[in-house]
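Trainee: let me see the structure of the following:
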Amino acid sequence: MKKLIIFLIFTIQIHAQQILSEKERAVVIDEILADRFNNLLPELMDRTDIDMWILISREYNEDPVLKTMLPATWLNARRRTIILFYRNKAKNTIDKLAVARYNFGDNISSAWDKDKEPNQWKRLMELIEERNPKNIGLNFSTHFNISDGLDKTDYDEFMQYLPKKLKSKVVSAEKLATAWIETRTPREMVIYRQLVDITHDIIAEAFSEKVITAGITTTTDVEWWLRQKVTSLGLDTWFHPSVDVQRSNEVLGSHIFSFDDRTENMTVLPGDLLHCDFGITYLRLNTDCQELAYMLKPNETEPPIYLQNAFADGNTVQDIFTSNFETGKTGNQILLKSLEEAKAQGLRPAIYTHPLGSYGHSSGPTIGMWDAQGGVQGAGDYPLYPNTVYAIELNTTVNIPQWKRDIRIMFEEVGFYGENGFRYVNGRQSKLLTIPRIKNHQGN
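Mentor: Numbers count the residues shown, from 1 in each chain. Model (predicted):
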């Protein structure tokens, strides 16, 4: 037991060198927010042709977009929080105002003196009329839940106070809200690489003899090890990890089995193909990774060649898919073209990739769902933009004659699409992990 405690402390210290303290994180978060407000937001407002954007939230019922704008020391909105952005493209300026009693952190100044105007809504209307925008974007959306954060009460009260002459200017800010959520800055991408590196390190440790002992450790044990590891590092998980196995004496389950109906507490045995789904939250960004490992049988020094070949088929599907990333293509166009090309090579793919970033299942083009391989209405019709991040999530089904069954090679890696095309943020898994790790032993 004493050795185990020493080992756990040691591994935490290794990772802790990459992880900032809460105070240090706050500095980075606020610096990133300042950059996004001052440099990114004007570009996005110009691109989406919205010159006034208003976000309204109440404490504990935050608009998901506004929640990403909170200063580092704010964990929630306060009372009713109203933020107004006004973009004057001709003067190249942007007003960032809080219709609140206090500044919204260091980036957004208070524009409401309650002693002069007791009514918060009336003050908001004054600010709107002073600027006379061509349109007023509000966060309501049919297809993007994150961009649909304005609740009915706030919408009704806003429209009640809005002068009649301005009502026709109200438009959905869906495209702007989605762009804010999906677009990453250069500094965020530097941080993202560290985030994915930490995620890969944790998976590598989970899928090793340090955590798994054949015949003793269960899949549920590994899931809770992953949760505890993240907590011990001072990080968060954005979903409960999952670990499952495929083995020679079982039939391949459906996608529902793979994602939400797995058998729990399966004891890991030699010859098992293990799979995990795991992601962390850090510095307001999220990862989402699925990797595979093989539990070596006695006297095996590598996974069977048929599993290595199946793994390579999965990498091929990834390559076909990411080669079709192109600015302006919709999620559905990328999906259907990729499936067609993969099937033409004799593969049996399924693609269900989602945007990743401020949220795990984030806003942006949905590129397939496991139960919608013909395309996704609405979110699948949204186009691909540069400077966006995706969980490259997919699988391919492979028949293994030696097991007399099909298996599913399931991958998920964090990928970035930029002006120079697609790249993985911190590489991808290119070969099966082995448990225990393969060691080269030489005789004396």
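Trainee: for the stretch 51-200 of the chain, which segments count as helices?
Mentor: With DSSP state H, counting those that start in this stretch as the criterion, the stretch 51-200 of the chain has helices at 64-67, 120-131, 152-161, 174-182, 186-206.
Trainee: tell me who's in contact with the nearest residue to Phe158 once chain neighbours are set aside.
Mentor: Of all residues not flanking Phe158 in the chain, Ile56 sits nearest, at 6.6 Å (CB to CB, 6 or more residues apart in numbering). For the C-beta atoms, the positions are set from N, CA and C on the backbone; glycine is no exception. Listed by CB atoms under 8 Å, 6 or more residues apart in numbering, the contact partners of Ile56 are Asp63, Arg80, Thr81, Ile82, Ile83, Leu138, Leu150, Asp154, Phe158.
Trainee: relative to Trp121, how far out is the last one?
Mentor: Phe158 sits 7 Å away from Trp121, taking CB to CB, to the nearest Å as the criterion.
Trainee: picking up where we left off before, buried members of the contacts of Ile56 into PyMOL, please.
Mentor: To isolate the buried ones among the contacts of Ile56 in PyMOL, judged by 16 or more other CB atoms under 10 Å, type:
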select buried, resi 63+80+81+82+83+138+150+154+158
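Trainee: and the contacts of Ile56, which is closest to Ile216?
Mentor: Ile216 lies nearest to Asp63 out of these, by CB to CB, at 47.5 Å.
Trainee: what's the pLDDT at that closest one?
Mentor: If you check Asp63, the pLDDT there is 94.
Trainee: what residues are up against it?
Mentor: Each residue near Asp63 by CB under 8 Å, 6+ apart is listed here: Leu55, Ile56, Ser57, Asn139, Gly149, Leu150.
Trainee: gap between it and Asn139?
Mentor: Separation of Asp63 from Asn139 (CB to CB) stands at 6 Å.
Trainee: common neighbours of the two, please.
Mentor: Common neighbours of Asp63 and Asn139, counting by CB under 8 Å, 6+ apart, are Leu55, Gly149, Leu150.
Trainee: can you lay out those residues as TSV showing distance to Thr220 and pLDDT?
Mentor: As requested, these are arranged in TSV below (distance: CB to CB, whole Å; pLDDT from 0 to 100):
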residue	distance to Thr220	pLDDT
Leu55	41	97
Gly149	35	94
Leu150	41	95
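Trainee: which one of the contacts of Ile56 is nearest to Thr322?
Mentor: Asp63 (32.4 Å).
Trainee: could you find the closest non-adjacent residue to Ser338?
Mentor: Among residues not flanking Ser338 along the chain, Phe321 sits closest, at 4.4 Å (CB to CB, 6+ apart).
Trainee: where does the one you found fall, helix, sheet strand or coil?
Mentor: Using DSSP: H, G, I helix; E, B strand; the rest coil, the secondary structure recorded for Phe321 is helix.
Trainee: thought it was touching Lys337?
Mentor: No - Phe321 is beyond contact range of Lys337, at 9.2 Å (criterion: CB atoms under 8 Å).
Trainee: the more surrounded of these two?
Mentor: The neighbour comparison of Phe321 against Lys337 (other CB atoms under 10 Å) goes to Phe321, with 26 against 16.
Trainee: can you name the residues that contact that one?
Mentor: Ile334, Ser338, Ala342, Pro349, Ile351, Thr353, Ile392, Leu394.
Trainee: pipe those into CSV and attach distance to Met410, secondary structure and pLDDT per row.
Mentor: Formatted as CSV, those follow (distance: CB to CB, whole Å; DSSP: H, G, I helix; E, B strand; the rest coil; pLDDT from 0 to 100):
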residue, distance to Met410, secondary structure, pLDDT
Ile334, 19, helix, 98
Ser338, 16, helix, 98
Ala342, 15, helix, 98
Pro349, 11, strand, 98
Ile351, 12, strand, 98
Thr353, 13, strand, 97
Ile392, 12, strand, 98
Leu394, 8, strand, 98
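Trainee: low pLDDT regions in the stretch 301-444 of the chain?
Mentor: 439-444 (pLDDT under 70).
Trainee: now do the helices in it.
Mentor: Taking DSSP H, counting those that start in this stretch as the test, the helices found in the stretch 301-444 of the chain are 305-322, 331-344.
Trainee: save the ones you listed as JSON lines, and put in distance to Arg187 too.
Mentor: Shown next, in JSON lines, are those (distance: least, CB to CB, whole Å):
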{"stretch": "helix 305-322", "distance to Arg187": "24"}
{"stretch": "helix 331-344", "distance to Arg187": "27"}
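Trainee: thank you, goodbye.
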